[in-house]
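[1] Sequence first, predicted model second:
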Amino acid sequence: MLNPRDSALQSVTPTVMVPRHTAFKELETNGHRILMANNGVWLESLREWLYARVMIAQPLPMSVPYGDVTRELRLKFGKLPLHMVHFFIDEARKRTPNECAAWIIWNEITGVWRLHMLHELSSDADHVNMILPILEESDHLVIDIHSHGNCRAFFSDTDNKDDMGATKISGVIGNLDQTNVTAKFRLCVNGVFLPLHF
């Protein structure tokens, strides 16, 4: 008999064996699960704005009675609001060399996007400490973006810790003292980081 704590953990992140002779059925409610497939171990995640299925481990070195799945990344809102990224760059230039941060939020009911510059408790050329907003139920953080002032864009160890376990697009903008900025974006899915190119 399972310890109740194990039952709770496994209900939050269940492991599913992908059927070989039956059509695979995607997640229908928000959450995530591990898929054991013939062609690897996969993470499947569903949010109001995203469906993702990505490989997290190579196939097992033995014959297994599982079917195959394929990689899937679907954004429910269509195109990303890149004009808001450009607006953030303009705002970040004003604050250079200090860092700053913003959330780009999507409302699932209205389909409206908004950029929310985060209130800074402290900021300098090496860090930004801010207050995170509380979102309405129909609002969803899609892009979490911050600047690196005059330094190049990269994901720091602090960024990796902040993004671990989150489901969002994370972005860094650097070299804001130059005409052409540097930028890094990635999709974060429960600790899996997938590079994005816009």
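    Structure's in. What do you need?
[2] if I look at N98, how far off is F185?
    The gap separating N98 from F185 is 21 Å, by C-beta to C-beta, to the nearest Å. (C-beta placed from N, C-alpha, C; glycine too.)
[3] who has more neighbours, these two?
    Legend: neighbour count by other C-beta atoms under 10 Å for N98 and F185, higher for F185 (20 against 17).
[4] For the more buried one, name its beta-bridge partners.
    For F185, the beta-bridge assignment (DSSP bridges) gives partners G171, L196.
[5] what's the answer for V54, then?
    Beta bridges link V54 to L43, judged by DSSP bridges.
[6] wait, doesn't it sit right on L43?
    Yes. Counting by C-beta atoms under 8 Å, L43 is a contact partner of V54 at 5.6 Å.
[7] Give me the contacts around whichever helix or strand A183 is part of.
    Element membership for A183, per DSSP states H and E: strand 182-189. Strand 182-189 has contacts (C-beta atoms under 8 Å, 6 or more residues apart in numbering) with 32, 43, 45, 50, 52, 54, 73, 152-155, 163, 166-175, 193-198.
[8] So which of those are in strands?
    32, 43, 45, 50, 52, 54, 73, 167-174, 193-196 (DSSP state E).
[9] Mind checking which of those are buried?
    By neighbour count, with 16 or more other C-beta atoms under 10 Å, the ones in strands among the contacts of strand 182-189 hold 32, 43, 45, 50, 52, 54, 167-174 as buried.
[10] which one of the residues you listed sits closest to F77?
    Of all these, F77 sits closest to L50, with 9.2 Å by C-beta to C-beta.
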